[in-house]
Structures are given as C-alpha cells and as structure tokens.
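*Asks:* Show me how the following folds:
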Amino acid sequence: MAEPIAQHAAGTGAASTGVATGSVAAQPVTAELTATGLCKSYPTPAEPLRVLQDVSLRLAAGESLAVVGPSGSGKSTLLAILGCLDRPTAGRLSVNGQDPFALPDDRLPAFRGANIGFVFQDHHLLPQCTVLENVLTPLLATGAAGPRDQDHARELLDRVGLSGRLTHRPAELSGGERQRVAIARAMIRRPAVLLADEPTGNLDAETGRHVGRLLLELNAARGSILVTVTHSGELAGAMDRRLRLSGGRLVEPDTPAGDGQGPSSSTPSGGEW
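*Replies:* Residues are numbered from 1 along each chain as shown. Predicted coordinates:
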C-alpha cells in the first residue's frame, strides 16, 4: 500500500519524493496571512448572490491549510481573493501586515507577483519553452532573469527532482513532472503565500501523493504559508489545518452541512480527514 501523505510528511525526510536538500531551504521567507470578515457577493436581477460571508482566518509562517467543500461552495472565489486576483465586497486581507486592496490598482500586480505563488489543477506550462524557461517566466514581468535567478531556478528544479530535465519541454514530461515544474515556478520569487487550487486533481493517486508530499515539504522548508483547495480527503488530511466552506462561511469539517455557524478561524486538524 502506498504511504499516506500525512504519515510521510510527519516522519520522513525528503529523499523519497526526490526533493534534494540545499540552499533554497536555508532562505526562509517572512509569512503572515490574515483575513478578517471577508464577504463576496455578485449582483443579480433579483438580489445579490452571496458567495462568501464573514470569512476570517489567520495563518503564520510554515503553516498549511486545506479548504474543502462541494463544487460551487466558493472555494475558488476565496482563493482568488487570498491571491489578490479578485476584490472582496467587504472585509480586510493582510499579507505580511499590508492590505493589498488598499494599494492603487497599478501597484496590485507587483504586490501579487512578489508575495503570492499559484499552483493550479492544470500546470499551464508554456509548450514552446523548456523546463528551466518555464520556471523563470514569472520573473519576466519585472525584467530579464539574471544569472542568480537562473541558479535559483536550477536549485528549485533540483529540489523537486527534475535537475535532469532542464532542457526538456512539457510534452516530454509526465503529468506529475509537469506539476512539479509548476510548483518550482510558483516558488521562484520566494512568495510568502503559496495557493494551490486542486493541485492533484488531474493526477493518478500515487502521483498525487508524491505532489502532495512535495508541496508540504517545500512549504515547511521555506517557511511560507500553503493554502490548498482540494476534493482529496487524503491531501486535506495531510495539512496542518482543515476547514470547510458551508453556506459561504468557513466552518470546522465536522460541522453539519448548511449550518453556516461555527468557528471561522482555522484550528489544527486531528489526523486523517
């Protein structure tokens, strides 16, 4: 039987995932994420459609959180707000003590690029670019990638077990390898917060476990914050904390569906979910 993600993350090193040790782990980032009373609604001809209601949470460096819930419950909307891709209707978001939505519109993309990393269900790699080039693409928004950036990208690819694939293109990689490239790309700017939207959704069970362990190990090594939206009970159970979106609110996983009442700050998990 394959080793569960949580068991591996709790009691082993990085060797079995192909994550090498190195200087990347020795460069922790400063990370703090606080959401207070986040609400999101959309106008409709009848009345506003309320997707998120009074969502609050607080996460510190090195912590991981899984947000679960049925399709349409608002998980991706929450992730978009935490990632500064969408503005809340009400409430406040703080990343490292700064409210990104208080910034002028023309400064928000730079803030997002410097502080937030994204891993999606689909890897979204550029097919014409090599593995190394794909990892470096987030840096092109602020200028060319210099020699130190390239060294950092090679270190990250070594940590995710792809040092031998630097010149390969996405079509020459397996699904799991492509997702590992996407993880390295998400971390190239040393973000404080790493957001993963169904990161194992397109992978088979064993490859999904491998990617899940990799996310947790890199997050712990870098001291960043990992927030994952997932339908995978095993991946959710491996995170430090788990919350469920119900009725637009974040509640504990065992709160009856539709209750909508309960603690909206994350609390530690207690084993398999």
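*Asks:* Quick one: the strands in this structure, in order.
*Replies:* Using DSSP state E, the strands of the chain run over 32-42, 49-60, 64-68, 90-95, 116-119, 193-197, 225-229, 241-246, 249-251.
*Asks:* and among those, the most buried is which?
*Replies:* Mean neighbours per residue, mean count of other Cβ atoms under 10 Å, is largest over those for strand 225-229, with a mean of 26. C-beta coordinates here come from the backbone N, C-alpha and C atoms, glycine included.
*Asks:* Can you list the strands that that one pairs with?
*Replies:* Strand 225-229 pairs in its sheet with strand 64-68 (parallel), strand 193-197 (parallel), by DSSP bridges.
*Asks:* List of residues touching that strand?
*Replies:* With Cβ atoms under 8 Å, 6 or more residues apart in numbering as the test, strand 225-229 has contacts from 31-33, 59-68, 75-76, 78-79, 82, 192-199, 215-216, 219, 235-236, 239.
*Asks:* Could you pull out the buried residues of the longest helix anywhere in the chain?
*Replies:* Using DSSP state H, we find that the single longest helix of the chain is helix 205-222. Within helix 205-222, the residues that count as buried by 16 or more other Cβ atoms under 10 Å are 207-222.
*Asks:* Any idea which residue is closest to the centre of the protein?
*Replies:* L195 (2.1 Å; Cα atoms, centre = their mean).
*Asks:* Looking at that residue now. What's its pLDDT?
*Replies:* What the model reports as pLDDT for L195 is 96.
*Asks:* thought it was touching G83?
*Replies:* Yes. When contacts are counted by Cβ atoms under 8 Å, L195 is listed as touching G83 (5.0 Å).
*Asks:* Can you pull the residues that touch both of those two?
*Replies:* Residues touching both L195 and G83 (Cβ under 8 Å, 6+ apart): 116, 118.
*Asks:* thinking again about what came up before, and the residue nearest to the centre of the chain, how far from H124?
*Replies:* According to Cβ to Cβ, to the nearest Å, L195 and H124 sit 14 Å apart.
*Asks:* For the protein, just list every one of the helices.
*Replies:* Here the chain has its helices, by DSSP H, at 5-11, 75-82, 108-115, 131-136, 147-159, 175-186, 205-222, 233-238.
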